[in-house]
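Participant: can you look at this prediction? I've put the sequence above it.
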Amino acid sequence: MRSLRAILLIALLAATGCREIDPPDITPPCGAEGASRADLGLPLVGRDVSEHFDFEDNYAEFTTAGGDLYVTTYGQHGGGFFDRYPARDSISFGQGAPEWEEGYRTPMNALVTERVFEDHYTVVNLNACRYWVTGANGHLEIVSCEADALSDVRAVPDWPPIEASDLVPPCAERGLSRVELGSPTYERFNRYQDLSQHAKFTTTGGQLYIKVTDVVDSPVKDRYVPYARVQMSRGEPRRNPNIASSLNRPDVVVDVPEGDFVEVTPVRRDQRPTPVLDPGTYWVFTTPAANVTIVSCEEDGVYDARPVAPVGANGSGS
């Protein structure tokens, strides 16, 4: 029955087109600065261990005296199939701690969930209490026109800015061994939950260097240069059981500026980054689409590449 409903919905969208929802035309009556405000950072649903946060802990908290609160996001982290401007998120508020059901983005114990548009305000009316908040794909900000209406803020730290890198492997760009992996794009996983488009390589371990080129539709924002996010781990890629559109705890997640090298820095289960990659065979995904090269300064440090089609080949990345 669910499959039939999905087919009917796709047919309806194909026939009528997706209707855009206009953002609300709301401005806090006391101005954007408000009488009190809270910058809650980036409480992004699905943030993984690579960013030094477990999924369950990825929520911000604040205390409010109650009343109308004006909620907005800015600096969205893009790259998804349905990206559009203004971007919109479903922001959830609740008390205690959020509880997720497998496969759902909205906590099942949310008291309020509102659609919030990037760079636009949505009004949320809350009673006086302490709340958690989650669901933003950009910086989340709350403004109140009442003095001292927002307090005791616990924000979720943002990712650091993506900047160009001048790093060159000590053994030069070609290294003593290298693998060209094509464009193992995450796009088919986002669209169809298809994990088959990953590349693989084997390493004897140690320090590796990664480079991306031909980045397609990079999520460039004011503080960012064109880049791609590369994920890799040993074994086979698996879907995060909590969030359908993310992978389950990869060992490495690194943002790579286009055309530059960065060090491959794994994050261990104790969440402490280390520059040394363990030996083994790794799968690789990137989002958005980009061509991936990995270099080692050891002979046979990387080998047995199992690449996928590069950007532009057979429609890849276009």
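Facilitator: Now that the structure is in, tell me what you want to look at. Residues are numbered from 1 along each chain as shown.

Participant: next structured bit after the helix or strand containing S90?
Facilitator: Using DSSP states H and E, S90 falls within strand 88-94. Once the chain leaves strand 88-94, the next helix or strand it forms, by DSSP H and E, is strand 112-117.

Participant: quick one: list the elements packing against that next one.
Facilitator: strand 67-74, strand 88-94, strand 122-126 (3 or more Cβ pairs under 8 Å, 6 or more residues apart in numbering; DSSP states H and E). Where you see a C-beta, it was placed from the backbone N, CA and C, and this is true even at glycine.

Participant: what residues does it touch?
Facilitator: 21, 23-24, 71-73, 86-94, 106, 122, 124, 126, 135-136 (Cβ atoms under 8 Å, 6 or more residues apart in numbering).

Participant: what lines up beside that strand in the sheet?
Facilitator: In the sheet, strand 112-117 lines up against strand 88-94 (antiparallel) (DSSP bridges).

Participant: I'd like the mean pLDDT over the strand it pairs with, please.
Facilitator: Averaged over strand 88-94, pLDDT sits at 88.

Participant: the inter-axis angle of it versus strand 67-74?
Facilitator: 140 degrees (axes from the mean of the first three to the mean of the last three Cα atoms, to 10 degrees).

Participant: on that earlier part again, please convert the helices and strands packed on strand 112-117 to CSV, extending it with mean neighbour count and distance to G31.
Facilitator: Shown next, in CSV, are these (neighbours: other Cβ atoms under 10 Å; distance: least, Cβ to Cβ, whole Å):
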stretch, mean neighbour count, distance to G31
strand 67-74, 21, 10
strand 88-94, 22, 22
strand 122-126, 16, 15
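
Participant: possible to save those strands as TSV with distance to S144?
Facilitator: Rendered in TSV, the data for these read as follows (distance: least, Cβ to Cβ, whole Å):
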stretch	distance to S144
strand 67-74	6
strand 88-94	14
strand 122-126	10
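
Participant: E258 is nearest to which of these?
Facilitator: strand 67-74 (23.6 Å; Cβ to Cβ).

Participant: which strands and helices sit next to the closest one?
Facilitator: strand 88-94, strand 112-117, strand 122-126, strand 139-144.

Participant: now with 7 Å, please.
Facilitator: strand 112-117, strand 122-126, strand 139-144 (3 or more Cβ pairs under 7 Å, 6 or more residues apart in numbering; DSSP states H and E).

Participant: just those: most buried one?
Facilitator: Of the helices and strands packed on strand 67-74, the one with the most neighbours on average (mean count of other Cβ atoms under 10 Å) is strand 139-144, at a mean of 23.

Participant: now do the helix or strand just after it: which elements does it pack against?
Facilitator: Counting by DSSP H and E, the next helix or strand C-terminal to strand 139-144 is strand 150-154. Helices and strands touching strand 150-154, by 3+ Cβ pairs under 7 Å, 6+ apart, are strand 36-39, strand 60-64.

Participant: who wins for proximity to V230 among those strands?
Facilitator: Between the helices and strands packed on strand 150-154, strand 60-64 lies closest to V230; by Cβ to Cβ that is 27.2 Å.

Participant: would CSV of the helices and strands packed on strand 67-74 with mean pLDDT and distance to W283 be doable?
Facilitator: Shown next, in CSV, are those (pLDDT from 0 to 100; distance: least, Cβ to Cβ, whole Å):
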stretch, mean pLDDT, distance to W283
strand 112-117, 90, 34
strand 122-126, 94, 39
strand 139-144, 90, 31
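
Participant: look up how far P237 lies from K200.
Facilitator: 10 Å (Cβ to Cβ, to the nearest Å).

Participant: could you do L140 as well?
Facilitator: Taken as Cβ to Cβ, the span from L140 to P237 is 29 Å.

Participant: go on, R88?
Facilitator: 28 Å.

Participant: with N137 instead?
Facilitator: 22 Å.
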